[in-house]
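>>> following is a predicted model, sequence given first.
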Amino acid sequence: MVIDNQGQAVTEAVLILVIFLLVGTLVSNQFKQNQLINEIVSSPWQRVSGMLQNGVWMSPSSGAPFHPSQHGRHISSRGEELK
């Protein structure tokens, strides 16, 4: 009777492993087809890249006008006169 229970436990373990592998394969295929990992990883990096390049939390192309080098400034060796 003990031998029969051991065989049943092995059979159930194999079936559970097959189910896990099947679910894992299906999830993996969905992630590949919909490029979900690409969206999860690249979307936040667009804003981080904009912050690194331009100093604003926007994508690099839309945040370029807000970069400090785009502000209208002038340089004078004498400085500003006191008023």
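Nice, I can see it.

>>> so what's the residue count around residue 50?
21 (other CB atoms under 10 Å). All C-beta atoms are positioned from the backbone trio N, CA, C, and that covers glycine.

>>> list the buried residues for the helix or strand containing it?
Assessed by DSSP states H and E, residue 50 sits inside helix 36-54. For helix 36-54, burial by neighbour count (16 or more other CB atoms under 10 Å) applies to 50, 54.

>>> now swap in stretch 9-29 and tell me
For stretch 9-29, a neighbour-count test (16+ other CB under 10 Å) marks nothing as buried.

>>> one step back: let me see the residues that make contact with the helix or strand just after the helix holding residue 50.
Downstream of helix 36-54, the next assigned helix or strand under DSSP H and E is helix 60-63. Identification of contacts with helix 60-63 by CB atoms under 8 Å, 6 or more residues apart in numbering yields 46, 49-51, 53-57.

>>> pLDDT of helix 60-63, averaged?
For helix 60-63, mean pLDDT is 81.

>>> quick one: the helix holding residue 50 to chain centroid distance?
7 Å (CA atoms, centre = their mean, to the nearest Å).

>>> then stretch 55-71?
In terms of CA atoms, centre = their mean, the centre of stretch 55-71 is found 22 Å from the chain centre.

>>> low-confidence ranges in the chain?
The chain contains residues with pLDDT under 70 at 1-4, 70-83.

>>> ok, the residue nearest in space to the middle of it to residue 50 distance?
Geometric centre of the chain, nearest residue: residue 41, 1.9 Å, by CA atoms, centre = their mean. Counting by CB to CB, to the nearest Å, the separation of residue 41 from residue 50 is 16 Å.

>>> next one: residue 14
Distance from residue 14 to residue 50, by CB to CB: 51 Å.
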